[in-house]
Structure formats: structure tokens, C-alpha cells
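Enquirer: I need the structure of the sequence given here:
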Amino acid sequence: MSIAKSKALLAAFVVVSLVVLVAAVIWWQGRPVATPEWAVVERRAIGDIFKERGWLEASQLTPVALGAGGEIREMTPEGNLVAKGDLLVSIDTTGIQDNLDRREEDVSLNKNRLEVAQFRRVRTEQDARKNIAVTADRLKLAEMEYEEIRRGLLPEDRRLLEITSELRTIDREDAEEAFLRQSNLVARALASPITLEDFERRLAAASAAEEEAKIEYAVRTAPPREDEVLEWRLAVERLRGELARGERALERRLARADAELDEQTARVADSQLQYDLALEEFEACEVFAEADGIFRPRYFWEHAQRLWQPIRAGVSRGRLDRVGDIVQPGAMRVITMVHEADISKISTNQPARIRIPALDDLVLEGRVTTLGGVGRDRAEVGPPGVEGNVSGVTVFNAIISLDHNDERLRPGMSAVIEIECLPVADRLLLPRGAVGDFRAADSSAKVRLENGETHIVFGRYLGTEWFWIEGGLQEGERVRREY
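Expert: Reported below is the predicted structural model:
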């Protein structure tokens, strides 16, 4: 046999040997492992302790809210110790200042319009009342004349007319007598004829005055004509209507003027209110601490990056939005999440033991104060940033208060919670794998006895490994592991 052929056979043998060795190893690792066929009821000292991790949260918070909306220009860093009165947040005032200036201009403009409306109202009333006064005087005069025409002359007026007429007659007789005397003098050439002209004019004037007095006496003493009485009565009624219309027109004009005045007054009040609010917002662009403590910003959901981010400078927030909290050091509580499988073990007012790993396993005592009544996904119950998406794990939120404060405690520290759901005691136990078909309604389950018969036992699951036998089996009895 040649050397080359021998080397080939040797290589083939080595390959086959390796394949067989690998197959043997795979078979050995994948072979079924025999489990004990029997489970024995045994007695152990055991209890049920609920253990979960949580985190510290401040129990005393002073919210920090913005007095004005806008972009945050400056903000105190997270974790800084602040004193009452320290500046925490400042807002960019550019847009707010512009709004304040506009509001101030509106106030000035509306006040000017109000003054104009007040002047118009005064002028409207003055003009209307002047016209009414003139109409009232005309009406009074018309009423007097109408009354005088309707009732006729009074005795004293009649007597006055008679005296006037008689005086005019006497004046005419005196003028006539003087004319005759002067005529005799001219006829006897004792006076110039030219002098008669003055006496003639005097006589003519006296005669005209006498005639006028007689006509006036006759007219005024005669009974009034019906058409004249009617005319004066209509004139009085017309003036009365005009006066009434003027008063009603005055009321309407004053009502319109008052309405305009009220509207403009309301505009002034509204613009003043808007200015006061803008001034208040401008003055609230700086937020100061209301208490001593540690400043902690709040978080917001960043849609672009799809994660929770702390509020910081450059972020825009609205008025009254809470951007942070002032935490009181040492005053903490524990927030945790209880799995749905453990919720039935926990109840409010239950004592709890809390361990703080960051403080050399500092142990504190507390009590369950709040327990959520509705289970939700872990991402909904957990704090911002813990879960980014739906986890599929249903939990209940729980709050544990601490019996004592400690200045070393800080928000966000992790905590280990232990709640004794069942005290340690001797109990009959079976492995969970030996029990099946558990019914919570009557706390019954099934086991398979040595003879193969199904047997009913009573108890409940204890932890993740054991079933606590409360009836149906005795210590030392064996059952099959079939579940």
C-alpha cells in the first residue's frame, strides 16, 4: 500500500470518528432526563413574602407653573437646591412685550373715543333741550292767545279800550278846535296861511288815531270768528304735538347716545382688562421659588424622537403649564408596581419593609396607602422614560408611605419592598407540579394517588414552587407527578 493511500484512509477514519463523537454528544445532551415519579407531602416552615422593586418619589411637592406662555429662555438645572424667592424659570418676552404695547394703544384709543362719545351726548342733549324750550315758549304764547280769543275781552280790557277810544276822540276834538282857531286867524289876516299846514296834519293824525281806536274797539269787542278760533286751536295742538315729538326724539337720541356711551365704556373696560392681563403676563415671565427645596423639572413627550424628555431651555410651554416641582428633601414615599398575579395578596394599610440600596441598605418601615383598582400596562403605570412601548405586562400601581423622613433620601432612588403576605409557619407542602385543576371557588385541586385514583385536596398555591395542603392529605403521603 502506498503512503498516499494510507494517509487518505487515515483522514477518512478521523472524519468518521469526529462525526460519531459529535452525534454522541448531541444525543447525550438531548436525552430525556428522568424526573422523580413521586412527590411526597412534607412539612416545612415557610411564609409568603412579596418582593418588588420601586422608586422614591417626593410626598411633598410645590408645583412650579408658568405665569406666561412662550419659549423658556432660562431654567434652573435639575437637582439644584433652591431657596424661597430664587429665580427658577424665565420666559422670552419678545412677543409678550409686543402684545402689551398693542393693548396699551387700544386703551388710549378707546379712552379717546369715550371722551368723544361723552361730548356728543352732552351736545345732543343741549341742542334737543334748546329746541324743546323754544317750542315750549311758542306753545305757551299760542295757548295764551288762544285762551284770550276763546274767552273774549275782560272787563278791565274793555274799559281800557273805551278809555283809549275816548282819549283819541278828545285828541281829535282838540286838534279840530285848534285848526278852527288858526283858520279864523288866517281869515282875519292875523296869521299866515302857511301855518295851517301843521294844524291840518295834527287834525289828520288825530282823526286817523281816533278811527283806528274805534276800529280796534269794534274788532276786539266783537265775538271771535269760528275759523279764527279753530285756527288758533289747531296751532296750539300742532305745537303740543311738536313738543311731544321733540321730547320723544330727545329720549331716543339720549338712549342712542347712552347706548353708544355704554358700549364705549365697555370697550374701555375690556381693553383695560386685556392690558392688565397682558401686564400680568409680562410680569409673570419670571417664576420664583415659593419654597425651599430641590428643583426637579417635569417631562414631556417628544414626538419627533418618540421619547420622554425633561422640560428645558428652548422648549415652549403654555401659560399655567407646570414645568417642574420643588421637592422637600427627606419627605418621600415609595412608588411600585404590583404584578397582576400578586395583587390579591396586597391590601391597603398593610405594613411594608423598605430597603434603600444606595444608602448602604438603609431599612425603613412603611405602610401601603394606595393600591390601584384597575390593572394597566406597565408602560402606562411606570414613570416617564421607564417604558417606551406597550410591554404586555399588566400591573397595578401602589404607593407606600414611610413612617420617618430622612434627609439623605432623594427622588428617584431605587427601593426594595418586602411585604409579608403570609407569616412563616409549619405547613404541609406539595410541589406545584404534583397538583392540577385548581379551583379558586372552593380552593380545591386534584392529585393522583399511588394506586392511580384521582383525589381531591384543599389548599392554595404558595409562591412559585409550592402548593399549601390545608386538607385532604397527611404528611409523608405520596402522589404522582402528573401535572
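Enquirer: residues in contact with the residue nearest to the spatial centre of the chain?
Expert: Centroid-nearest residue in the chain: Leu320, 10.0 Å away (criterion: CA atoms, centre = their mean). Residues in contact with Leu320 (CB atoms under 8 Å, 6 or more residues apart in numbering) are 65-67. All C-beta spots, glycine's among them, are computed from the backbone N, C-alpha and C.
Enquirer: Go through these and say which is closest to Ile469.
Expert: Ala65 (58.6 Å; CB to CB).
Enquirer: related to what we said a few turns ago, just the ones of the contacts of Leu320 in helices?
Expert: Residues of these located in helices (DSSP state H): none.
Enquirer: Dump the residues you listed into a markdown table; add pLDDT as well.
Expert: Listed next are the contacts of Leu320 as a markdown table, based on pLDDT from 0 to 100:
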| residue | pLDDT |
| --- | --- |
| Ala65 | 93 |
| Leu66 | 91 |
| Gly67 | 88 |
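Enquirer: Just the ones of those residues in strands?
Expert: Ala65 (DSSP state E).
Enquirer: Just name the closest of the contacts of Leu320 to Arg306, please.
Expert: Leu66 (25.1 Å).
Enquirer: how many neighbours does the closest one have?
Expert: Residues lying near Leu66 (other CB atoms under 10 Å) number 22.
Enquirer: who's in contact with Ile311?
Expert: Applying CB under 8 Å, 6+ apart, the residues contacting Ile311 are 72, 75, 297-300, 317, 323-324.
Enquirer: per-residue pLDDT, it?
Expert: Confidence at Ile311, expressed as pLDDT, is 91.
Enquirer: which one of the contacts of Ile311 sits closest to Phe119?
Expert: Closest to Phe119, out of all of the contacts of Ile311 and judged by CB to CB, is Arg317, at 46.9 Å.
Enquirer: Any buried residues in the helix or strand where Ile419 lies, and which?
Expert: Ile419 belongs to strand 414-431 when elements are defined using DSSP states H and E. For strand 414-431, the neighbour count (16 or more other CB atoms under 10 Å) marks 415-417, 419, 421-422, 427-431 as buried.
Enquirer: still on that earlier bit, am I right that the residue nearest to the centre of the chain sits in a helix?
Expert: No - assessed by DSSP: H, G, I helix; E, B strand; the rest coil, Leu320 does not belong to a helix; its assignment is coil.
Enquirer: So what does it have for phi and psi?
Expert: When read as degrees, to the nearest 10, the backbone of Leu320 gives phi 70, psi 0.
Enquirer: quick one: the helices in the stretch 101-250 of the chain?
Expert: For the stretch 101-250 of the chain, applying DSSP state H, counting those that start in this stretch gives helices covering 155-187, 196-221, 226-283.
Enquirer: Compare the ones you listed and give me the one nearest Glu52.
Expert: Of the helices of the stretch 101-250 of the chain, nearest to Glu52 by CB to CB is helix 226-283, at 45.7 Å.
Enquirer: could you say what helices and strands that closest one packs with?
Expert: Other elements packing on helix 226-283 under the criterion 3 or more CB pairs under 8 Å, 6 or more residues apart in numbering; DSSP states H and E are helix 94-151.
Enquirer: packing partners for the helix it packs on?
Expert: So helix 94-151, by 3+ CB pairs under 8 Å, 6+ apart, packs with helix 226-283.
Enquirer: Okay, helices next: where are they in the stretch 251-400 of the chain?
Expert: Using DSSP H, counting those that start in this stretch, the helices assigned to the stretch 251-400 of the chain run over residues 378-381.
Enquirer: roughly how far apart are the residue nearest to the centre of the chain and Gln60?
Expert: From Leu320 over to Gln60 the distance is 21 Å, taken as CB to CB, to the nearest Å.
Enquirer: Could you do Pro423 as well?
Expert: In terms of CB to CB, Pro423 sits 34 Å off from Gln60.
Enquirer: tell me the residue furthest from the middle of this protein?
Expert: Furthest out from the centre of the chain (CA atoms, centre = their mean) sits Arg188, at 121.5 Å.
Enquirer: Quick check: phi and psi on it?
Expert: Dihedral angles for Arg188 - degrees, to the nearest 10 - are phi -90, psi 10.
Enquirer: what sits against it?
Expert: Arg188 touches nothing, counting by CB under 8 Å, 6+ apart.
Enquirer: in the stretch 151-300 of the chain, which segments are predicted with low confidence?
Expert: Residue ranges of the stretch 151-300 of the chain with pLDDT under 70: 152-153, 222-225, 227.
Enquirer: Could you do the stretch 301-450 of the chain as well?
Expert: If you take pLDDT under 70 as the line, the stretch 301-450 of the chain has these spans: 381-389, 391.
Enquirer: ranges for the strands of it?
Expert: 307-310, 316-317, 322-327, 332-339, 351-356, 362-371, 376-377, 394-402, 414-431, 436-439, 444-449 (DSSP state E, counting those that start in this stretch).
Enquirer: list the buried ones in the fourth one?
Expert: Read it as strand 332-339. 332-338.
Enquirer: Hmm, Ala289 is touching Lys84, no?
Expert: Yes - the criterion here is CB atoms under 8 Å, and Ala289 meets it with Lys84 at 5.5 Å.
Enquirer: which phi and psi does Gln350 have?
Expert: Dihedral angles (degrees, to the nearest 10) for Gln350: phi -80, psi 130.
Enquirer: got a list of what it touches?
Expert: Gln350 neighbours (CB under 8 Å, 6+ apart): 367-368, 419.
Enquirer: Show me what Glu52 bridges to in the sheet.
Expert: Ile417 (DSSP bridges).
Enquirer: So Ala289 and Lys84 - more neighbours on which side?
Expert: Ala289 (19 against 12).
Enquirer: could you dump the helices of the stretch 101-250 of the chain to TSV with mean neighbour count and distance to Asp127?
Expert: Formatted as TSV, the helices of the stretch 101-250 of the chain follow (neighbours: other CB atoms under 10 Å; distance: least, CB to CB, whole Å):
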stretch	mean neighbour count	distance to Asp127
helix 155-187	14	39
helix 196-221	15	40
helix 226-283	15	9
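Enquirer: circling back: reformat the strands of the stretch 301-450 of the chain into a markdown table and put distance to Tyr275 next to each item.
Expert: Below are the strands of the stretch 301-450 of the chain laid out as a markdown table (distance: least, CB to CB, whole Å):
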| stretch | distance to Tyr275 |
| --- | --- |
| strand 307-310 | 35 |
| strand 316-317 | 24 |
| strand 322-327 | 26 |
| strand 332-339 | 45 |
| strand 351-356 | 53 |
| strand 362-371 | 46 |
| strand 376-377 | 47 |
| strand 394-402 | 46 |
| strand 414-431 | 51 |
| strand 436-439 | 73 |
| strand 444-449 | 77 |
